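**Q** curious how this folds, go ahead:
(one chain, ligands or ions: 1)
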Amino acid sequence: MDQPVTGRTDPEGVGRDADGRVVLFGAACPECGTRFFPATAVCPHCASEAVAPEAMPRTGTLYTFTTVHAGPRKWKKPMVVGYLDLPNGVRVFAHLRGQVAIDDVLELGLDTIGEEDGKPIVGFVFRQMGGV
Ligand SMILES: [Zn+2]
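**A** As a prediction, the model looks like this:
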């Protein structure tokens with residue numbers, strides 16, 4: 001873990017590091033060493049129940065992405081989504097922001113990804129380094 005963790009906030013699996021930056025909380029298995037996101041109560045590799053929360057790296061390399069034009073009404077469309085490979089070996093599915101290309105190194109942030117009952121749905125996104 002790069003930064004001490006100070007607490008958790010919504011949405012699920014998202015918190016802040018000591019510098020107030022957004023962090024994803026996945027989990028690590030002490031028995032087989034597997035790391036994963038989102039966290040689950042049981043290790044997806046060895047079925048151990050000894051998994052512990054762990055902050056994930058805040059950057060990832062874009063493995064692949066696509067633009068989705070159809071879907072539930074609550075999601076902003078078109079939406080660009082993709083898979084990123086984090087430096088710790090975890091592959092994360094995420095909404096993307098801005099112009100992206102495969103192999104770009106993107107940074108974690110928060111943004112509005114939809115709307116339900118007149119209220120924004122805020123979720124984690126990945127975007128270019130230093131982006132807003
Ligand atoms: Zn395990």
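**Q** I'd like the average pLDDT over the lengthiest strand in the chain.
**A** Criterion DSSP state E: the longest strand present in the chain is strand 105-116. Averaging pLDDT along strand 105-116 yields 94.
**Q** dump that strand to CSV, restricted to CA.
**A** Written as CSV, here are the backbone C-alpha positions of strand 105-116 (Å, rounded to 0.1, in the frame of the first residue of the first chain):
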residue,chain,number,x,y,z
VAL,A,105,-1.7,5.1,-18.3
LEU,A,106,-4.8,6.5,-16.7
GLU,A,107,-5.5,7.9,-13.2
LEU,A,108,-8.4,7.2,-10.8
GLY,A,109,-11.0,9.8,-10.1
LEU,A,110,-14.7,10.3,-9.4
ASP,A,111,-17.4,11.6,-11.8
THR,A,112,-21.1,11.5,-12.4
ILE,A,113,-21.8,8.4,-14.4
GLY,A,114,-25.6,8.5,-14.4
GLU,A,115,-28.7,9.9,-12.8
GLU,A,116,-31.5,8.2,-10.8
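**Q** contact partners of it?
**A** If you take C-beta atoms under 8 Å, 6 or more residues apart in numbering as the criterion, strand 105-116 is touched by 14, 21-24, 58-62, 74-76, 79, 84, 95-97, 100, 120-131. Using the backbone N, CA and C atoms, a C-beta is placed for each residue, glycine as well.
**Q** so who does Ala50 touch?
**A** Here Ala50 is in contact with Cys29, Pro30, Glu31, Cys43 (C-beta under 8 Å, 6+ apart).
**Q** among those residues, which ones lie close to the ion?
**A** Near the ion, taking C-beta under 5 Å from the ion as the test, the members of the contacts of Ala50 found are Cys29, Glu31, Cys43.
**Q** the last one contacts Thr34, doesn't it?
**A** Yes: the criterion here is C-beta atoms under 8 Å, and Cys43 meets it with Thr34 at 5.8 Å.
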